[in-house]
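In: Mind folding the following:
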Amino acid sequence: MELTIGNTILFLATALTGISAGLCFTWTNAVTTGIGQLDNLGYLQAFQQMNRAILNPLFFAVFFSPFFMSFAAAFLNKGHSPRLFWMTLAAAAIYSLGVVVVTILGNVPLNEILNGTNLAQSSNEELQALRTTFEKPWNKLHFIRTISSAVSLGLLIIAGIGK
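Out: Below is the predicted model:
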C-alpha cells in the first residue's frame, strides 16, 4: 500500500477508533460491572471521581479524533475506491451518531447531574434515587457507544485491508 495522506489518515482513524472502542469495551466489561457491586455511596463516589478524572486533553483527543479523521479519510480516499469511501464514511457516521452524539446528548447530562451532587451531604434515600436515575440509563447509553465504536472499528479495518 502506498504511503499517502489518505492512507495515513485512515490508519490514524483506525488506531484511534480502536483505542476508543477498547476504552468503551473496558468500561462495559469491567468498570461499570465492577463498581456496580458497590453500595450506593461507593458506586456514586467512584463514578463521580472517574468522570472527573477522564476529562483531560488526552481523552478528548482520543475521543474526538476518530470523528474528524474518519470523515477526512473517506474524502481523501474518495477517488481511489467507491467501496473504501462508503465504508469509511459509514464508519464515521456510526461513530459520530453512536458515540459522539450519544455521549453529548445522553451520558454527559447524566454525568453533570452526578457531578453536581454533594454525595457526602446526601441521605441514603437521595443516594438511592440518584443511583436509580443514573446507573441503568448511563449503562444503556454506554452500551450503544461500545457497539458503535466496535462496528466503526470493524468497518475501518475492512476498508483498510481492502485498499
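In: Where does pLDDT dip in the chain?
Out: Confidence mapping of the chain against pLDDT under 70 gives the ranges 1, 163.
In: repeat that with 90
Out: Scanning the chain for pLDDT under 90 picks out the ranges 1-4, 77-82, 161-163.
In: which residues in it form helices?
Out: For the chain, the helices defined by DSSP state H occupy 5-26, 32-35, 40-54, 57-76, 82-95, 102, 108-115, 124-161.
In: Output the contacting helices and strands for the last one.
Out: Counting by 3 or more CB pairs under 8 Å, 6 or more residues apart in numbering; DSSP states H and E, the packing neighbours recorded for helix 124-161 are helix 5-26, helix 32-35, helix 40-54, helix 57-76, helix 82-95, helix 102, helix 108-115. All C-beta spots, glycine's among them, are computed from the backbone N, C-alpha and C.
In: list the helices and strands the third one packs on?
Out: If you count contacts as 3+ CB pairs under 8 Å, 6+ apart, helix 40-54 packs onto helix 32-35, helix 108-115, helix 124-161.
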